[in-house]
Structure formats: structure tokens, C-alpha cells
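A.B. asks: for reference, the sequence and a predicted model appear below.
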Amino acid sequence: MLDKNEFRALTEYRSALYRLLSGLYLMEVDAEQLKTLKSLSFPQVEGDSDADLDLQQGYALLENALSETEENDLDELAAEYAKIFLAAGESSGKAAFPYASVYLDKKHYVGGGMEQKMKRLLLARGRDIDPEAYRIMYDHIGLMLEYMAILCEEQLAAEENLKELIQEQKEFLRDNLQSWVYAFTADVVKYSKGKFYAGLALVTSGLLKKETEFLKETGEKYGVDINCE
């Protein structure tokens with residue numbers, strides 16, 4: 001069982017990782033971000049669970065990709081981003097479109113109920129989309145991962161109501177991410193030719209699988225009714 005300081009440190013790490021992944025889905029990597037990514041030390045993950053294997057492979061791909069990528073390679077990486085997430089240059093029109101609605105709607109339409117739900121949740125916490133910075137819908141994977149970061153940050157700032165905050169994280173993960181993200185990350189791997197975005201997808205998949213385990217254990221500690229699956 002984690003003590004108070006360990007629990008806080010892990011929550012800080014979770015928030016930082018959610019924000020890192022969020023930013024990489026929202027925008028192409030620029031020179032400043034590449035420099036930051038190259039300075040990171042990715043964790044050494046042990047174990048043989050599905051989550052562990054995803055994280056091991058994902059971090060390895062990211063490390064290899066970053067070791068091979070310099071500033072003059074960013075245009076190529078941006079083209080890969082556009083191909084995977086926007087179907088740029090793809091005559092088939094197929095891609096890993098980064099929207100929950102695409103995966104949850106039977107006709108694969110963007111928008112609808114999930115997009116409106118995410119808009120309400122984000123606006124309630126003071127997060128709106130800057131139209132000058134992003135041309136995206138509210139159910140974009142980047143914004144949904146950012147929302148999990150926001151919930152983690154609220155938990156860090158809270159003096160009480162931890163039970164309710166953990167319950168909200170558990171419900172958001174179960175109801176809004178697990179229902180589609182694994183199909184999405186599999187598509188990212190499928191449509192990736194390089195290592196970077198395949199690694200990003202596997203880390204995302206591994207993180208959410210780990211979160212299921214973590215929130216179950218944490219919820220049991222705080223008396224939360226847990227059902228993350």
C-alpha cells in the first residue's frame with residue numbers, strides 16, 4: 001500500500017504523463033518540444049501483464065524514434081501525423097481519426113452526443129478550445145487525456161473529497177475512454193510507418209490499462225464502488 005507521499009508522487013506522475021500524451025495528440029511535434037522529449041528519461045517497466053508489455057514496447061519505440069529524430073526531420077514527422085490522424089495523402093480516406101465519436105457512432109460520424117458531453121465536462125472546469133490554436137472537436141483524444149490530467153490535479157489540490165474525485169476518475173476512464181481508445185491505438189499502430197506514433201499509441205494503451213488497476217486498488221482504499229471494466 002502506498003503511503004501519503006508515494007501516493008501524491010504517483011498522482012503527480014499520472015497528471016504529467018496525461019498532459020504529455022495529450023499534447024502529442026493535439027499538435028505536431030515542434031523544435032522546442034522535440035528538445036524536451038529528447039531530455040526525458042522514460043521509465044523502465046517490469047512485469048508481463050498486457051499493460052506492462054504495451055508500456056515496454058511503447059517506451060522502447062519512443063526512445064528509438066527520438067534518438068533518430070533531429071530538427072530537420074520534423075517535417076517528415078508532421079507528415080506522418082497528418083497521414084495517421086487526418087488521412088492526408090491517403091486515397092482510401094482511412095486513418096486513426098482521434099475522436100471518440102468516430103469509434104462509438106455506428107456510422108463513424110464525428111460529433112454527436114459524446115462530443116457534446118465532453119464540451120460540457122471541459123467547460124465546467126474552465127477548459128475551452130482556442131480556435132486560433134486548434135481546429136478540433138471536444139471529443140478529441142488529446143482533450144480527453146487532458147481532462148484526466150485535470151482530475152488528477154484536482155486530487156492533488158484537494159484537502160477532502162478524495163473519494164468523490166477518485167470515483168470521478170474511475171467513471172471517466174470506464175465510460176469515456178475504455179469504450180474506444182484501445183481500438184483507436186490499434187489503428188494508430190496499424191497506420192504508422194515510423195516508430196514515434198506507434199510508440200505513443202502503445203504507451204497510451206498501456207497507461208489506461210494500468211489506470212484500471214491503480215484506480216481499483218485506490219478505490220478500495222477509499223471505499224469507492226469500483227468497476228473499471
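C.D. replies: Great, that's in hand. Everything numeric in this text was worked out from a predicted model, so none of it was measured.

A.B. asks: buried residues in the longest helix anywhere in the chain?
C.D. replies: Counting residues, the longest helix in the chain under DSSP state H turns out to be helix 196-222. By neighbour count with 16 or more other CB atoms under 10 Å, helix 196-222 contains the buried residues 196-212, 214-216, 218-219. Heads up, the C-betas are built off the backbone N, CA and C, glycines and all.

A.B. asks: for the host helix or strand of residue 186, buried residues please.
C.D. replies: Assessed by DSSP states H and E, residue 186 sits inside helix 181-191. Going by neighbour count (16+ other CB under 10 Å), the buried part of helix 181-191 is 181-182, 184-185, 187-189, 191.

A.B. asks: would you point out which residue is most central in this protein?
C.D. replies: residue 145 (4.4 Å; CA atoms, centre = their mean).

A.B. asks: hmm, residue 25 and that one touching each other?
C.D. replies: Yes. Between residue 145 and residue 25 there is a contact under CB atoms under 8 Å: 6.9 Å.

A.B. asks: any idea how far residue 33 is from residue 154?
C.D. replies: Look at residue 154 and residue 33: by CB to CB, to the nearest Å, they are 26 Å apart.

A.B. asks: mind listing what residue 147 touches?
C.D. replies: 118, 121-122, 125, 127, 172 (CB atoms under 8 Å, 6 or more residues apart in numbering).

A.B. asks: then it would be within a helix, right?
C.D. replies: Yes. Applying DSSP: H, G, I helix; E, B strand; the rest coil, one finds residue 147 inside a helix.

A.B. asks: could you report the neighbour count for the nearest residue to residue 98 once chain neighbours are set aside?
C.D. replies: Leaving aside its sequence neighbours, residue 98 sits nearest to residue 141 (CB to CB, 6 or more residues apart in numbering; 4.3 Å). A total of 27 residues lie near residue 141 under the criterion other CB atoms under 10 Å.

A.B. asks: wait, residue 141 touches residue 97, no?
C.D. replies: No. The criterion here is CB under 8 Å, and residue 141 misses it with residue 97 at 9.5 Å.

A.B. asks: so where's this protein uncertain?
C.D. replies: Flagging of the chain using pLDDT under 70 yields the residue ranges 1-2, 89-93, 131-133, 159, 219-229.

A.B. asks: please repeat the previous calculation with a cut-off of 50.
C.D. replies: Applying pLDDT under 50 to the chain flags residues 91, 224-229.

A.B. asks: residues near residue 18, how many?
C.D. replies: Neighbour tally, residue 18, other CB under 10 Å: 23.

A.B. asks: please disregard the earlier target; I meant residue 26.
C.D. replies: Neighbours around residue 26, by other CB under 10 Å: 18.

A.B. asks: so what's it up against?
C.D. replies: 134, 136, 140, 142-143.

A.B. asks: one more time with 10 Å, if that's ok
C.D. replies: 98, 129, 133-134, 136, 140-143, 145-146 (CB atoms under 10 Å, 6 or more residues apart in numbering).
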